[in-house]
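In: using only what follows, build the 3D model:
(chains A and B)
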Amino acid sequence: KQEVTQIPAALSVPEGENLVLNCSFTDSAIYNLQWFRQDPGKGLTSLLLIQSSQREQTSGRLNASLDKSSGRSTLYIAASQPGDSATYLCAVLNSGTYKYIFGTGTRLKVLA
Amino acid sequence: KAGVTQTPRYLIKTRGQQVTLSCSPISGHRSVSWYQQTPGQGLQFLFEYFSETQRNKGNFPGRFSGRQFSNSRSEMNVSTLELGDSALYLCASSLEGTGETQYFGPGTRLTVL
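Out: Prediction:
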């Protein structure tokens, strides 16, 4: 059974810092992995989608990497801003079942 | 393009009642997925509809059901509500479904008293 873990559960950093959020999964048979952000009481916004054959994806200040063999993905946020404060979720799409399994999220607070 | 819309945004029901939630996907998107989000269990997949057919489902009891109409709009129904059904219900749409970027709506906050 696929399990997705995100560490740390919460993170507080000063503005301008570069930071890394971690996501690990137990079953490497995945179709893709997505990173989302969720603002309080709101829906999810897709940030980056990495196909299983890819190693990384970049969008602006965000870079996500995927190491399928070790069951890990990282989301790198450069030069963090207060507007980056949100909960970040990763989700893996299992091959075969084609169901997304979500991690529990990392709650990020960027202090001005 | 308008985003994914969900109605209503908030609902309060009592145990034993039933509820219907609605989701309108982004124009042109044919896949709609539903998720339940609770503090204890996190985000869990309920089911996915594509071209009016349920294509995939999660591990939820039969009280949870859904359907999709020819215009891709989807509804989700929960019968015989329990306190544990209190959650944020999110729907997401994508063009064809599997493996694509999902676009989420703002969710419906259901409170069961």
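In: now do the strands in chain B.
Out: Assignment of strands within chain B using DSSP state E yields the ranges B:5-7, B:10-13, B:19-24, B:31-38, B:42-50, B:53-57, B:64-68, B:74-78, B:87-94, B:103-104, B:108-112.
In: so where's chain B uncertain?
Out: Regions of chain B meeting the criterion pLDDT under 70 cover residues B:1, B:98.
In: what's next to stretch A:50-63, contact-wise?
Out: Here stretch A:50-63 makes contact (C-beta atoms under 8 Å, 6 or more residues apart in numbering or on different chains) with A:30-35, A:47-49, A:64-68, A:73, A:75-79, A:95, B:99. All C-beta atoms are positioned from the backbone trio N, CA, C, and that covers glycine.
In: before we move on, what about stretch A:104-111?
Out: Under the criterion C-beta under 8 Å, 6+ apart, residues A:4-15, A:17, A:19, A:21-22, A:38, A:80-89, B:42 lie in contact with stretch A:104-111.
In: for it, buried residues please.
Out: Of all the residues in stretch A:104-111, those buried under the rule 16 or more other C-beta atoms under 10 Å in any protein chain shown are A:104-108, A:110.
In: helix or strand for the nearest residue to A:Gly83 once chain neighbours are set aside, just tell me which one.
Out: In space, and not counting its chain neighbours, A:Gly83 is closest to A:Val110: 7.8 Å by C-beta to C-beta, 6 or more residues apart in numbering or on different chains. Using DSSP states H and E, A:Val110 maps to strand A:106-111.
In: strands paired with that strand, and their directions?
Out: When sheet partners are counted by DSSP bridges, strand A:106-111 sits next to strand A:10-14 (parallel), strand A:86-94 (antiparallel).
In: give me phi/psi at A:Pro82?
Out: phi -50, psi -30 (degrees, to the nearest 10).
In: so who does it touch?
Out: For A:Pro82, the contact set (C-beta under 8 Å, 6+ apart) comprises A:15, A:110-112.
In: what's the most distant pair in those residues?
Out: Set against one another by C-beta to C-beta, the contacts of A:Pro82 have their most distant pair in A:Val110 and A:Ala112, with a gap of 7.6 Å.
In: what's the neighbour count on B:Pro39?
Out: Residues near B:Pro39, counting by other C-beta atoms under 10 Å in any protein chain shown, number 9.
In: typed the wrong thing, it's B:Gln102
Out: By other C-beta under 10 Å, the burial measure for B:Gln102, its neighbour count, is 26.
In: list the contacts for the spatially most central residue of chain B?
Out: Most central residue of chain B, judged by C-alpha distance to the mean C-alpha position with C-alpha atoms, centre = their mean, is B:Trp34 at 3.3 Å. Each residue near B:Trp34 by C-beta under 8 Å, 6+ apart is listed here: B:23, B:45-48, B:66, B:74, B:76, B:89-92.
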